[in-house]
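K.L.:
prediction below, plus the sequence it came from.
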Amino acid sequence: GSKPGSLLRFDHGEPWRAEMLPFDVGPNRFWIGVAVPESDFLGEVAHQRNRVILIALLALAAAVLLAFLLARGFSRPLEELVETSHRIRALDIEDLPSVDTRLREVATLAESQSELVSALQSFARNVPVDGVRELVRRGEVAQIGGATHTLTILFTDIRSFTTISEQMAPQALAEHMARYFEVMLAELRAHGATVDKFVGDAIVAFWGAPNQDDDHALHAMRSTLACMRSLEAANRRWESEGKPAMPTRFGLATGEVVVGNIGASTRLSYTVLGDRVNLAARLEALNKLYGTEALVDASVVEATGEAFAWRRVDRVAVVGKNEAVDIYEPLGETGSVPAATEAFARAYESALDAFSTAQARKPNDARLFNVMAFAQRRLGRFQDVTLNLERALELDPRNIGAIQALGSTYIQLRNFAEAKRWLDRYIMLAP
């Protein structure tokens, strides 16, 4: 038996619901019971309950997924903006990725940041970025002032640029100069140069600041040689395109200079000042006299050790300096210079020593300069020929041989006006 409405459970079976009721028939009482499996009453309820739980779980999963997607939709562009901001702070502003988003507020912020990057990119093309980057790293604002450091300074200039510019339309010249500067800047920056400024067609650069570089002279020379090689290839390409070549002269000097922010409170320039800066400029100009592409002073030779091969060109009194300085032509990195070039350099230096010794004994003998001019003429260095012949004529104005040689040399240089002047003078003085 069971109590009314009691729950029955059979071993290894499902629960049942049972109910017992008495039923009297005459003097006899009968009990009538009904037992029904519980699933007949609650099966559909349980099914609905499971369905509700499943739907609730699916809804929860969908909500979590949607929340994740929404969070990523908000966070991804914000993370990209943060990463871009870090790169902007470091002035790493080339090839920055664009931030794509449908969120209006974030899109407005991304647009403002893009305008900032455009302004900085224009700014970076007008100032030495390395100097500004160093100030940012130290958390400082640019102020007037400088410090003394040992650096290597480079001056460059395009040979016969006035003639080149007169042959080209202004826009064509500007585009051609842009290609030239791209070739030069690629090599300068690849070797750690700080590009100070452009002065017309000239470039001023230096090594050793603002980032310290103990091998600044070495890197400066490697950069110069790389520029010369790249320009040689570029000039061949430009000439094949019908455009003028850009032959360039280089002057380098190493020594103590003042480097820092020079100017007024409203406009500063991170640049270098000092005697060695002037010397580098003078050395660049001396290339014209000696028929060379690059000249350096003895301090560069000493600072680079045995990394390069050199030809000692002369000992000269540079304008602006009280003492004469030895000047050298770089021939290339040690071990890469042809034997014939090395042999010529040593022979030239021997002749130069002999000339210097003879000049010290007889400083006013014009014949010495005649001899030097003859040697330079044999080498095809006609600019040097005119220099030595004019020295000879300063000592002996009536030196008919030097006058005649000057006239023929200017013919070789296609300077016919000067040639006529000197040959007329020869005719007047000739017996």
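P.N.:
Nice, I can see it. Numbers count the residues shown, from 1 in each chain.

K.L.:
just the element for Tyr410, please.
P.N.:
helix 400-412 (DSSP states H and E).

K.L.:
now the element after that helix, going C-ward?
P.N.:
Following helix 400-412 toward the C-terminus (DSSP H and E): helix 416-429.

K.L.:
helices of this protein, start to end?
P.N.:
38-89, 104-124, 129-138, 161-166, 170-190, 216-240, 275-290, 298-304, 339-361, 366-378, 382-395, 400-412, 416-429 (DSSP state H).

K.L.:
mind putting those helices in TSV, mean pLDDT and distance to Gly263 included?
P.N.:
Every C-beta, even on glycine, is put in place using the N, C-alpha and C of the backbone. TSV is the format used below for those (pLDDT from 0 to 100; distance: least, C-beta to C-beta, whole Å):
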stretch	mean pLDDT	distance to Gly263
helix 38-89	79	25
helix 104-124	74	16
helix 129-138	62	13
helix 161-166	91	27
helix 170-190	95	23
helix 216-240	97	24
helix 275-290	91	16
helix 298-304	96	28
helix 339-361	78	43
helix 366-378	56	44
helix 382-395	70	38
helix 400-412	70	45
helix 416-429	73	43
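
K.L.:
Glu256: which of the ones you listed is closest?
P.N.:
Taking C-beta to C-beta, helix 275-290 is the member of those nearest to Glu256, at 6.9 Å.

K.L.:
name the surrounding residues that touch that closest one.
P.N.:
Helix 275-290 is contacted from outside by 151, 153-157, 159, 249-257, 293-297, 299, 313-314, 316, 318-321, 325, 327, 329, 381, 383-384, 387, using C-beta atoms under 8 Å, 6 or more residues apart in numbering.

K.L.:
re the thing from before, now the helices of the chain in CSV, with mean neighbour count?
P.N.:
CSV is the format used below for these (neighbours: other C-beta atoms under 10 Å):
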stretch, mean neighbour count
helix 38-89, 12
helix 104-124, 13
helix 129-138, 16
helix 161-166, 13
helix 170-190, 15
helix 216-240, 19
helix 275-290, 21
helix 298-304, 20
helix 339-361, 12
helix 366-378, 19
helix 382-395, 20
helix 400-412, 19
helix 416-429, 14
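
K.L.:
of all those helices, which one comes closest to Arg29?
P.N.:
Proximity to Arg29 (C-beta to C-beta) singles out helix 38-89 among the helices of the chain, at 28.4 Å.

K.L.:
tell me the angle of the closest one relative to helix 104-124?
P.N.:
Computed with axes from the mean of the first three to the mean of the last three C-alpha atoms, to 10 degrees, the direction of helix 38-89 lies at 20 degrees from that of helix 104-124.

K.L.:
tell me what helix 38-89 is packed against?
P.N.:
Packing partners of helix 38-89 (3 or more C-beta pairs under 8 Å, 6 or more residues apart in numbering; DSSP states H and E): strand 15-25, helix 104-124.

K.L.:
of all these, which lies closest to Thr334?
P.N.:
helix 104-124 (36.7 Å).

K.L.:
how about residues contacting the closest one?
P.N.:
74, 77-78, 81, 84-85, 88, 91, 93-94, 96, 98-99, 101.

K.L.:
cool, and stretch 342-351?
P.N.:
309-312, 331, 375.

K.L.:
mind putting these in JSON lines, distance to Arg29 included?
P.N.:
Conversion of the contacts of stretch 342-351 to JSON lines gives the following (distance: C-beta to C-beta, whole Å):
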{"residue": "Ala309", "distance to Arg29": "133"}
{"residue": "Trp310", "distance to Arg29": "135"}
{"residue": "Arg311", "distance to Arg29": "139"}
{"residue": "Arg312", "distance to Arg29": "141"}
{"residue": "Leu331", "distance to Arg29": "134"}
{"residue": "Ala375", "distance to Arg29": "152"}
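
K.L.:
out of these, which are buried?
P.N.:
When the contacts of stretch 342-351 are checked for burial by 16 or more other C-beta atoms under 10 Å, the buried set is 309-312, 331, 375.

K.L.:
just the buried residues of the contacts of helix 275-290.
P.N.:
Neighbour counting with 16+ other C-beta under 10 Å marks 151, 153-157, 249-255, 257, 293-297, 299, 313-314, 316, 318, 325, 327, 329, 381, 384, 387 as buried within the contacts of helix 275-290.

K.L.:
the inter-axis angle of the longest strand seen in the chain versus helix 170-190?
P.N.:
Longest strand in the chain by number of residues, with DSSP state E as the criterion: strand 248-264. Angle of strand 248-264 versus helix 170-190, following the same axes, to 10 degrees, is 90 degrees.
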